[in-house]
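S.K.: The sequence isn't on hand, but the structure is:
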Ligand code: SF4
Ligand code: SF4
């Protein structure tokens, strides 16, 4: 609580930043940059060369639970590519980063969606028209940056006698590990805080067997800057084609400060992305 | 929205999915009059299923003292408060279910508990409604009272948890009606935690997904009753399969107790989930309180229960509580014994209808001593 009060107070003192921005109707331009590998460093200097485009975010009012009052109403997006990887830098304001997950703590998240079929619905595709969804999760990033939490990191006064994995063989103890033992991809990060996923409509979001997309986020002065990146040309079935030309992307943000998770999010419609030759 | 039939409410009700009943329904009966809140069931479940990391404060089975005990804190008074006053006199429920009372943006009326609500699993233990005044005397129902309420997931016919999940990660098994949560597909949205009015889905902060009572399905598949049932030292539980009233079989002890004798009642039937755990109400508690908790018919249930000795079948069915670890599918009375059978007709257990008693002389000549009154 004290943290929230302090940061809200501090946010009130901030002078709104002014950007030289274009609106989403003009489309996002993915400029060519001279950088190797995945374009996932949100603080890389090359982002300054790309024009930010403001994308307005909407309330999720289609699938229950509806979410009429999302806290993030716009994001700023820049795009860049190096001929192999395309990167999108998405920024939004939030008073405090939320990267811990407990029963009533929801971490921040951001997703970029690319259509696999031209006519796919911007709301996670639809039956027979798939989308690729690259989702960054603050909690997975914290696991990588600071190590995975123990119960006392989450609940300092938790009382524990003994865990099965301390007294049983690994095989016998596995039954007590739940989703962790099944490698449920939302439980822990593989190598990256980003999940490479596909969907064909509400409730079908599935983490793909091969994880290629990557990303990273930095929170500073009341603002998340998160870069996600994926290869431009399809390698595996289910990869979107992001080679030069006019492509499309849509965005979603979950603000942990507003208890957002799942369908409780803000989302955008399709936005054109001009990928420079 | 499809309409489904809820026999506990005696009417059709709205539910987001078509009403397909399982081939048979997992059910449990608890005799609250016999429960001593020793928590053996709680520990049995905990050691069997939830001693892992992130499950520290997770109790799929818990026993709370009513009226002031709750796990999580205030679970029933919170949802009752949101539900508001409802008209419930029977035989047809006139009020709204939680599905019918849902706000436009939700599937079911619910609330999300706070983390600290789980921090006092046994709060209110043994707390009575009040102090006894000078000159008070024993009367029924008691002037001041408390009782123990053991709770597991109700493996509801119309689960709110299942309907609230936008990913349909929770499913109800066709073969036994057990409600399970897919640990592979869950993404930790917690809509089920919010939706279940009984608060029997839990969030695991280490695995970051939700978990719930699995009805001990590996045991059920092997014809054994659940861990929390077979370890109960008070023998207050009977677990088996229960039919709807129109298909009830008189020789199924579960059906006999619920549908024929009608002494066991569902927990908060007005929520509309058709929960499949049944409670024999405590005889000493004011009926007004019990009616809210178990629906109409509690007074008759208590009356029949007190006169169980007049109905040999009821007595026989009740004697099968805690008599065998196997699931009893049929029973009959034979030569002064209640006999339980498995699904293939093999005998599982024989319980005498009358506890054998032996009378001994007060004076024991061998030791030249008077016997004290021991059993
Ligand atoms: S008691 Fe709760 S968790 Fe169990 S089936 Fe019913 S709604 Fe689901
Ligand atoms: S049925 Fe099994 S899993 Fe469910 S509360 Fe009882 S012991 Fe636990």
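M.R.: Done, it's in. What you see is a predicted model, and the numbers here were worked out from it, not measured in a lab. Ligands and ions are numbered 1, 2, ... in the order given.
S.K.: quick one: the strands in the stretch 201-350 of chain B?
M.R.: B:201-204, B:209-212, B:237-242, B:265-266, B:277-280, B:330-334, B:337-341, B:347-352 (DSSP state E, counting those that start in this stretch).
S.K.: Could you name the helices and strands sitting against the second one?
M.R.: If I follow you right, that is strand B:209-212. helix A:178-181, strand B:179-181, helix B:191-195, strand B:201-204 (3 or more Cβ pairs under 8 Å, 6 or more residues apart in numbering or on different chains; DSSP states H and E). Yep, even glycine has a C-beta here, placed from its N, CA and C like the rest.
S.K.: which one of the ones you listed lies closest to ligand 2?
M.R.: Across the helices and strands packed on strand B:209-212, the minimum distance to ligand 2, taken as Cβ to the nearest ligand atom, is reached by strand B:179-181, at 10.4 Å.
S.K.: Identify the neighbouring strands of that closest one in the sheet and state each direction.
M.R.: Its sheet considered, strand B:179-181 pairs with strand B:170-172 (antiparallel) by DSSP bridges.
S.K.: Residues in contact with the partner strand: which ones?
M.R.: B:22, B:155, B:159, B:161-162, B:178-182, B:192, B:201, B:212 (Cβ atoms under 8 Å, 6 or more residues apart in numbering or on different chains).
S.K.: will you turn the residues you listed into a markdown table that also has distance to residue A:176 and neighbour count?
M.R.: Below are these laid out as a markdown table (distance: Cβ to Cβ, whole Å; neighbours: other Cβ atoms under 10 Å in any protein chain shown):
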| residue | distance to residue A:176 | neighbour count |
| --- | --- | --- |
| B:22 | 28 | 17 |
| B:155 | 22 | 27 |
| B:159 | 25 | 29 |
| B:161 | 22 | 27 |
| B:162 | 25 | 25 |
| B:178 | 20 | 21 |
| B:179 | 21 | 27 |
| B:180 | 17 | 18 |
| B:181 | 16 | 23 |
| B:182 | 18 | 16 |
| B:192 | 21 | 27 |
| B:201 | 18 | 27 |
| B:212 | 15 | 22 |
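S.K.: If we check ligand 1, which of those residues are in contact?
M.R.: Within the set of the contacts of strand B:170-172, contact with ligand 1 (Cβ under 6 Å from any ligand atom) is found for B:155, B:159, B:161, B:179, B:201, B:212.
S.K.: got those as TSV, with pLDDT columns?
M.R.: Formatted as TSV, those follow (pLDDT from 0 to 100):
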residue	pLDDT
B:155	98
B:159	98
B:161	98
B:179	98
B:201	98
B:212	98
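S.K.: count of residues packed around the closest residue to residue B:333 other than its chain neighbours?
M.R.: Nearest residue to residue B:333, sequence neighbours excluded (Cβ to Cβ, 6 or more residues apart in numbering or on different chains): residue B:316, at 5.0 Å. Other residues within reach of residue B:316, judged by other Cβ atoms under 10 Å in any protein chain shown, total 23.
S.K.: Could you tell me which residues make contact with residue B:316?
M.R.: Counted by Cβ under 8 Å, 6+ apart, residue B:316 has contacts B:253, B:331-333, B:338, B:351, B:353.
S.K.: ok, now which ones touch residue 26?
M.R.: Answering for chain A, as no chain was given. Contacts of residue A:26 (Cβ under 8 Å, 6+ apart): residue A:53.
S.K.: I was after chain B.
M.R.: By Cβ under 8 Å, 6+ apart, the neighbours of residue B:26 are B:155, B:176-178, B:215, B:220, B:239, B:241, B:276.
S.K.: Could you list the low-confidence segments of the chain?
M.R.: As the question left the chain open, I've gone with chain A. Where chain A drops to pLDDT under 70, the residues are A:1-21, A:23-25.
S.K.: ah, I was thinking of chain B
M.R.: B:374-375.
S.K.: ok, now with 90
M.R.: Along chain B, segments meeting pLDDT under 90 span B:1, B:19, B:90, B:132-133, B:136-138, B:355-360, B:371-375.
S.K.: residue contacts, residue B:264?
M.R.: B:29-30, B:257-258, B:278-280, B:301.
S.K.: what's the closest non-adjacent residue to it?
M.R.: That would be residue B:278: by Cβ to Cβ, 6+ apart, it lies 3.7 Å from residue B:264.
S.K.: what about the strands in the stretch 1-150 of chain A?
M.R.: Using DSSP E, counting those that start in this stretch, strands in the stretch 1-150 of chain A cover A:22-23, A:28-32, A:53-56, A:58-59, A:74-81, A:85-93, A:109-115, A:131-137.
S.K.: Next: the stretch 151-277 of chain A.
M.R.: Using DSSP E, counting those that start in this stretch, strands in the stretch 151-277 of chain A cover A:194-199, A:206-207, A:214-220, A:223-231, A:245-254, A:266-267, A:271-275.
S.K.: Looking at these, which is nearest to chain B?
M.R.: With Cβ to the nearest Cβ as the measure, strand A:206-207 is the member of those nearest chain B (8.1 Å).
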